[in-house]
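1. fold the following.
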Amino acid sequence: MDRPSLKALPTEAQHEGVTMALYVCLVLAAEFVAVGDLADSEGIVLATIWATTIGLALAHVFAFDLAGRLFWGGRRRSEAAIAALVQLAAAIAVAAAVSIPLLFMPLERALDVAAFATAALVGVTAYAVARAGGVRHHRAIGHGAIALLIASMIVGVKALLAGP
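-> Residues are numbered from 1 along each chain as shown. This is a model prediction of the structure:
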């Protein structure tokens with residue numbers, strides 16, 4: 001089977017935006033596992049989501065910019081500046097998506113829905129990667145399941161290291 005040709009290659013900004021969204025999903029999922037029964041209010045969970053997301057995004061954009069300047073003679077490329085903005089937007093979009101259940105549901109249920117949303121984004125992304133690579137639908141679902149398994153192991157390790 002021939003692989004489908006991409007009409008346009010993804011830009012650096014698109015790549016970095018998806019990377020940031022996945023990274024934030026994994027870290028927030030680990031936060032949900034770590035917080036678990038310790039969460040006593042929606043406000044605390046929302047503050048944790050947003051503080052974690054903003055802290056991660058700003059740290060990543062700072063490192064991304066500094067590393068980029070190292071390799072481009074101390075200058076910032078316009079593509080890199082756009083990629084940094086897309087990264088911040090992607091992080092904010094993930095935080096907003098996982099915050100919505102906390103505004104409309106009881107805390108325990110909202111945490112479950114938010115955790116599912118982070119997992120779903122990882123699985124859907126892996127499925128899309130497989131389909132873009134020419135993998136048939138049923139096999140692509142397997143790719144998504146494998147990505148979920150790997151993401152679960154990453155979250156588990158982080159939660160385990162964080163301790164109770």
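2. which residue is nearest the centroid of this structure?
-> What sits nearest the mean C-alpha location of the chain, by C-alpha atoms, centre = their mean, is residue 22, with 2.3 Å.
3. where does pLDDT dip in the chain?
-> Along the chain, the parts satisfying pLDDT under 70 run over 1-10, 36-37, 162-164.
4. residue 105 is in contact with residue 99, isn't it?
-> No: assessed by C-beta atoms under 8 Å, residue 105 is found out of contact with residue 99, at 11.4 Å. Every C-beta, even on glycine, is put in place using the N, C-alpha and C of the backbone.
5. ok, back up a step: before we move on, which element is the residue nearest to the centre of the chain in?
-> helix 12-35 (DSSP states H and E).
6. restrict that helix to CA atoms and write it as CSV.
-> Extracted C-alpha coordinates of helix 12-35, given in CSV (Å, rounded to 0.1, in the frame of the first residue of the first chain):
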residue,chain,number,x,y,z
GLU,A,12,7.8,23.9,13.1
ALA,A,13,5.0,25.7,15.0
GLN,A,14,2.5,22.9,14.4
HIS,A,15,5.0,20.3,15.5
GLU,A,16,5.9,22.2,18.6
GLY,A,17,2.2,23.0,19.4
VAL,A,18,1.3,19.3,19.3
THR,A,19,4.4,18.4,21.3
MET,A,20,3.5,20.9,24.0
ALA,A,21,-0.1,19.7,24.1
LEU,A,22,1.0,16.1,24.6
TYR,A,23,3.6,17.1,27.2
VAL,A,24,1.0,19.0,29.2
CYS,A,25,-1.5,16.1,28.9
LEU,A,26,1.1,13.7,30.4
VAL,A,27,2.1,16.0,33.2
LEU,A,28,-1.5,16.9,34.1
ALA,A,29,-2.5,13.2,34.1
ALA,A,30,0.2,12.5,36.5
GLU,A,31,-1.0,15.4,38.6
PHE,A,32,-4.5,13.9,38.7
VAL,A,33,-3.1,10.6,39.8
ALA,A,34,-0.9,12.2,42.5
VAL,A,35,-3.7,14.5,43.7
